[in-house]
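Visitor: model this:
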Amino acid sequence: MKKRVLIAGITGQDGSYLADLLLKKGYKVYGFERRNSQKNRNNIRHILDKINFISGDLLDEASIFSALKRAKPNEVYNLAAQSFVPESWRQPLYTSEVTGLGTLRFLEAINHINPNIKFYQASSSEMFGLTLPLQNEKTPFYPRSPYGIAKLYAHWATTNYRESYGIFAVSGILFNHESPRRGLEFVSRKITHTAVKIKLGLTKELRLGNLEAKRDWGFAGDYVEAMWLMLQQKKPRDYVIATGETHSVRELAEAAFDYLNLNWKNYVKIDKALFRPAEVGLLQGDASLAKKELKWQPKVKFDQLVRMMVDADLEKITSMYGDKNRLRK
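Guide: So this is what the prediction gives:
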């Protein structure tokens, strides 16, 4: 009998890659999708006919109960959240409700309906905030944004339900992971997308905030494999997932523009309005435990990731505005 899975946030970057992976493994995939008159399914358009969609909302506990009863999943992956960090300062209450309490609603529903369901919570390196690298499973948390605080609430709620009720509930503390499916509001995709538009003569500049912020960037396709591996273990535990390498926003911009034979300094402008109220200067993960126990390794290197994203944006934008002959020589 096929395993059944419910993925909350299936239309997002991680949800789409996870759906790809689990379909290949023979799962029957259910997608928990927020009710919206204008659905954005671009990331999963290639597998739409293979997904069973269930409407719901992390703000609505009844819809979560209903989704679990309908899908009857063996595994649940909660990848849904208000996940754009800058937006969490503009909407702190909404972020807390969705990203924090939304997880609690899922855990409570699982505990009532079927405590044997395995649960994966998407935790975040933003929970570490100001702590010193290398950050691992034993590093104390010091979040610096409403998003990080909400994720920390969800993280501890997952731990509490595991320890209190014996639910197989785990948190993957994932460091920054990107892909061509990343939203345009995120700095990685903003850089690659705008760099391509500049190369094609469609815009003239790229406005960024703190160029010196350093992150541990990996490929989302690699990271969803770690999520799945966590739920296949005999005992539930949390894992840090990271590459162990750091690169600044400046380096990411330089790599993207260099690949397009452009000098980033001629196009990047600093915009003070894009600085965060509380900055996190450096995040660097230590995934030693995951490498040892899950046998997981990141496959895509930083330069490969940037080029992958630039190539994908080049393909998308030229299909909209014309062919590659419009590229400046």
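Visitor: Quick check, Arg181 in contact with Phe219.
Guide: No. Here Arg181 does not reach Phe219: they are 10.7 Å apart, not a contact under C-beta atoms under 8 Å. All C-beta spots, glycine's among them, are computed from the backbone N, C-alpha and C.
Visitor: For the chain, which segments are assigned as strands?
Guide: Using DSSP state E, the strands found in the chain span residues 4-8, 28-34, 51-56, 75-78, 118-124, 169-174, 177-178, 206-208, 214-215, 218-219, 239-241, 247-248, 268-270.
Visitor: how about the ones you listed in CSV, adding distance to Gly281, mean pLDDT and mean neighbour count?
Guide: Below are those laid out as CSV (distance: least, C-beta to C-beta, whole Å; pLDDT from 0 to 100; neighbours: other C-beta atoms under 10 Å):
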stretch, distance to Gly281, mean pLDDT, mean neighbour count
strand 4-8, 31, 98, 26
strand 28-34, 33, 95, 24
strand 51-56, 38, 96, 18
strand 75-78, 29, 98, 26
strand 118-124, 16, 98, 25
strand 169-174, 19, 98, 26
strand 177-178, 19, 98, 27
strand 206-208, 15, 97, 18
strand 214-215, 7, 96, 23
strand 218-219, 19, 98, 24
strand 239-241, 19, 98, 27
strand 247-248, 10, 98, 18
strand 268-270, 16, 96, 14
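Visitor: Can I get those in JSON lines including distance to Leu18?
Guide: Shown next, in JSON lines, are the strands of the chain (distance: least, C-beta to C-beta, whole Å):
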{"stretch": "strand 4-8", "distance to Leu18": "6"}
{"stretch": "strand 28-34", "distance to Leu18": "9"}
{"stretch": "strand 51-56", "distance to Leu18": "11"}
{"stretch": "strand 75-78", "distance to Leu18": "6"}
{"stretch": "strand 118-124", "distance to Leu18": "9"}
{"stretch": "strand 169-174", "distance to Leu18": "11"}
{"stretch": "strand 177-178", "distance to Leu18": "12"}
{"stretch": "strand 206-208", "distance to Leu18": "30"}
{"stretch": "strand 214-215", "distance to Leu18": "21"}
{"stretch": "strand 218-219", "distance to Leu18": "13"}
{"stretch": "strand 239-241", "distance to Leu18": "13"}
{"stretch": "strand 247-248", "distance to Leu18": "25"}
{"stretch": "strand 268-270", "distance to Leu18": "33"}
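Visitor: Of all those strands, which one is nearest Lys151?
Guide: With C-beta to C-beta as the measure, strand 118-124 is the member of these nearest Lys151 (4.5 Å).
Visitor: which outside residues touch that closest one?
Guide: Residues outside strand 118-124 that contact it (C-beta atoms under 8 Å, 6 or more residues apart in numbering): 9, 14, 74-79, 81, 103, 106-107, 110, 147-148, 151, 154-155, 158, 161, 167-174, 227, 230-231, 236, 238.
Visitor: let's see 7 Å
Guide: Strand 118-124 is contacted from outside by 14, 74-79, 81, 103, 106-107, 110, 148, 151, 154-155, 158, 167-174, 227, 230-231, using C-beta atoms under 7 Å, 6 or more residues apart in numbering.
Visitor: Nearest to Ala287, out of the strands of the chain?
Guide: From the strands of the chain, taking C-beta to C-beta, the stretch that ends up closest is strand 239-241, at 5.3 Å.
Visitor: Determine the set of other helices and strands touching that closest one.
Guide: Using 3 or more C-beta pairs under 7 Å, 6 or more residues apart in numbering; DSSP states H and E as the contact definition, the elements that strand 239-241 packs against are strand 169-174, helix 220-230.
Visitor: And the longest one, what does it pack against?
Guide: Counting contacts by 3+ C-beta pairs under 7 Å, 6+ apart, helix 220-230 is packed against helix 13-24, strand 169-174, strand 177-178, strand 239-241.
Visitor: Can I get those in a markdown table including distance to Glu251?
Guide: Formatted as a markdown table, the helices and strands packed on helix 220-230 follow (distance: least, C-beta to C-beta, whole Å):
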| stretch | distance to Glu251 |
| --- | --- |
| helix 13-24 | 21 |
| strand 169-174 | 20 |
| strand 177-178 | 13 |
| strand 239-241 | 21 |
